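Got a sequence here, can you build the structure:
(one chain, ligands or ions: 1)
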Amino acid sequence: MTVSLTFLGTGNAFADGGRSHACILVSAPEGRILLDCGGSALPPLRRACDPSDVDAVAITHLHGDHFGGLPFLAMQQKYAPRGRPLLLGGPPSLERLFMDATRALYSDFFDTPLPYDIRFTVLTSTPARLGPAEVMALPVEHVPASEPHGLRVRIGGKLIAYSGDARWSDALPRLADGADLFICETTTYSIPDPVHLSAKEVVAHRSELRCERVIATHLGRESIEHLGDLGVEHAEDGMVVEL
Ligand SMILES: [Zn+2]
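Numbering: from 1, shown residues only. This next block holds a predicted model:
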């Protein structure tokens, strides 16, 4: 069974290097799920597939470069043929902030009935079904107000772990344990950051990450300047990885 990942957005909040905001399309025989849907995710998503084929979206935390694309996806789907619910999973405040953001961007969005249901699931450390995948969310250390979590996603017989945004903590080895692929934020190359990881830290802790493969994403300016010597494989916008 093949699981295919398309890195639609590999940038940080500032879109350094012209990279789109965080979004990873996971395709498996069971269906398609997005991991994060940052503010600029819809254009690369539309280049990669028909958004109506996306069953679900799992959000790591409530910063715009990770969930800000949801109002645009919901709006596009309002006028696209979609005969089934859109499943959104994430932190406890996802539903409230999605509603606030969508009303702020399109004040008329809810004036007419949606031709499809939007269903919300709060992701927790108990594995839960989210469309084609079984997903669990583990708290990580980032800006607390964003309700930061990392994800463990079982789909197509594979286990994908994703840090979301996080500084180093013991949560990350637990998150990555046994994964076929750990997608790890690597915002800086060596500059310490109180809420993000550097490539130096990822490399220093690599032996603690008991996973097959690590791919760096959420790349900021300094990381992009050091792509050749990050010491860890890195993602590019549009890159496809088969598991
Ligand atoms: Zn971010």
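
Of all the helix elements in the chain, which one is longest?
Scanning the chain for the helix with the most residues, using DSSP state H, yields helix 94-105.

what distance separates the helix or strand just after that one from the middle of the whole chain?
The helix or strand immediately downstream of helix 94-105 is strand 118-122, counting by DSSP states H and E. In terms of C-alpha atoms, centre = their mean, to the nearest Å, the centre of strand 118-122 is set 16 Å apart from its chain centre.

for stretch 209-217, same thing?
Relative to its chain's centre, stretch 209-217 lies at 15 Å (C-alpha atoms, centre = their mean).

By neighbour count, which bits of that stretch are buried? Give me those.
L209, C211, V214, I215, A216, T217 (16 or more other C-beta atoms under 10 Å). Bear in mind the C-beta positions are built from the backbone N, C-alpha and C, glycine included.

Where helices are concerned, which of these count?
Per DSSP H, these never map to helices.

Closest one of those residues to L227?
A216 (9.2 Å; C-beta to C-beta).

which residues touch the closest residue to the closest one other than its chain neighbours?
Leaving out its chain neighbours, the residue that sits closest to A216 by C-beta to C-beta, 6 or more residues apart in numbering is T186, at 3.6 Å. Applying C-beta atoms under 8 Å, 6 or more residues apart in numbering, we find T186 in contact with L197, S198, A199, V202, A216, T217, H218, L219, S223, L230, V232, H234.

now swap in P139 and tell me
When contacts are counted by C-beta under 8 Å, 6+ apart, P139 is found next to P148, H149, A171.

Kindly report the same for Y116.
Q77, K78, R82, G83, R84, P85, L86.

How about G231?
By C-beta under 8 Å, 6+ apart, G231 lies in contact with A199, K200, V202, V203.

Would you mind confirming that the first one is in contact with E233?
To tie it back to what came earlier, the one meant is A199. No. The criterion here is C-beta atoms under 8 Å, and A199 misses it with E233 at 10.9 Å.
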